[in-house]
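[1] missing the sequence, but the structure's below:
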């Protein structure tokens with residue numbers, strides 16, 4: 001059985017994905033254990049069991065959408081609260097111990113960034129920014145922006161393998177991973193749009209990396225507005241729009 005992203009059922013007992021003890025084995029209790037074989041494939045005598053080692057990697061995306069995720073607010077041009085980092089992240093020689101996941105598709109370190117359209121670089125040369133898809137994202141009604149920090153051995157090993165695949169001479173070993181995911185987020189003025197992308201920050205051995213993963217990305221075209229409500233005029237009629 002292979003699973004993609006499974007939402008929590010909020011049930012105390014369930015069969016299948018994420019059942020208790022799934023990291024080692026499931027057991028099937030019976031009234032008479034003598035009716036079962038006295039050996040098993042995981043060396044647990046007296047009951048029939050099967051081992052759960054996990055399936056293949058879940059595609060290009062790192063895990064997201066679990067109960068351990070922080071969720072950015074559903075708001076126009078919003079941002080996450082300040083997120084203290086479990087380990088410092090070095091970005092072009094600067095060491096940061098906090099980060100912000102901004103709704104409009106970017107990460108910043110010193111403060112949130114509410115700007116909804118991307119200035120031409122180097123307009124923000126004084127601000128360190130990681131921008132996988134900097135555009136006018138509007139998750140007020142749908143779409144989820146989530147983030148998590150992990151030191152789980154499985155994910156650290158995965159990050160190490162992926163970095164060493166492209167930089168084999170480094171012998172890199174990850175000690176910390178930060179995952180930010182924009183899941184099925186629409187754009188302002190286009191509620192039918194659904195784009196999914198992810199940034200994964202990886203640190204270890206005084207080295208840092210940023211991985212960017214993309215699913216289907218809806219076209220981020222400019223919107224011409226001839227007759228619009230007050231907010232639309234403020235965002236599209238007065239201020240110029242730049243396409244990515």
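    Noted; the coordinates are in hand. What you are looking at is a predicted structure, and each value in this text was computed from that prediction instead of being measured.
[2] partner strands of the longest strand seen in the chain and their direction?
    Ranked by number of residues, the top strand in the chain under DSSP state E is strand 190-204. Strand 190-204 sits in its sheet next to strand 176-187 (antiparallel), strand 207-214 (antiparallel), going by DSSP bridges.
[3] out of these, which is the most enclosed?
    strand 176-187 (a mean of 23; mean count of other CB atoms under 10 Å). Yep, even glycine has a C-beta here, placed from its N, CA and C like the rest.
[4] what are the ranges of the strands in this protein?
    Along the chain, the stretches classed as strands by DSSP E are 25-27, 49-51, 70-71, 83-91, 94-102, 106-108, 129-130, 144-150, 176-187, 190-204, 207-214.
[5] tell me which of these lies nearest to residue 114.
    strand 94-102 (7.2 Å; CB to CB).
[6] can you pull the contacts of residue 157?
    residue 174 (CB atoms under 8 Å, 6 or more residues apart in numbering).
[7] try 10 Å
    Counting by CB atoms under 10 Å, 6 or more residues apart in numbering, residue 157 makes contact with 173, 174.
[8] output the strands of the chain in CSV; the columns should cover mean pLDDT and distance to residue 138.
    Formatted as CSV, the strands of the chain follow (pLDDT from 0 to 100; distance: least, CB to CB, whole Å):
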stretch, mean pLDDT, distance to residue 138
strand 25-27, 48, 43
strand 49-51, 46, 45
strand 70-71, 94, 16
strand 83-91, 95, 22
strand 94-102, 96, 13
strand 106-108, 95, 15
strand 129-130, 93, 20
strand 144-150, 95, 11
strand 176-187, 95, 6
strand 190-204, 93, 8
strand 207-214, 95, 19
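[9] tell me the bridge partners for residue 183.
    residue 144.
[10] surely it and residue 137 touch.
    No: between residue 183 and residue 137 there is no contact under CB atoms under 10 Å: 11.3 Å.
[11] joint contacts of these two?
    What both residue 183 and residue 137 touch, as defined by CB under 10 Å, 6+ apart, is the set 143, 145, 195.
[12] out of those residues, which one sits closest to residue 102?
    Closest to residue 102, out of all of these and judged by CB to CB, is residue 145, at 8.7 Å.
[13] which among the strands of the chain is found nearest to residue 161?
    It is, among the strands of the chain and with distance given as CB to CB, strand 190-204, at 11.1 Å.
[14] angle of that closest one against strand 83-91?
    70 degrees (axes from the mean of the first three to the mean of the last three CA atoms, to 10 degrees).
[15] next, count neighbours for residue 199.
    When neighbours are counted by other CB atoms under 10 Å, residue 199 registers 23.
[16] oh, that last question was meant for residue 140, not what I typed.
    15.
[17] mind checking how far it is from residue 103?
    Distance, residue 140 to residue 103, using CB to CB, to the nearest Å: 9 Å.
[18] include distance to residue 167 when you put the strands of the chain into a markdown table, please.
    Output for these, formatted as a markdown table (distance: least, CB to CB, whole Å):
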| stretch | distance to residue 167 |
| --- | --- |
| strand 25-27 | 37 |
| strand 49-51 | 34 |
| strand 70-71 | 30 |
| strand 83-91 | 16 |
| strand 94-102 | 21 |
| strand 106-108 | 22 |
| strand 129-130 | 19 |
| strand 144-150 | 21 |
| strand 176-187 | 16 |
| strand 190-204 | 11 |
| strand 207-214 | 8 |
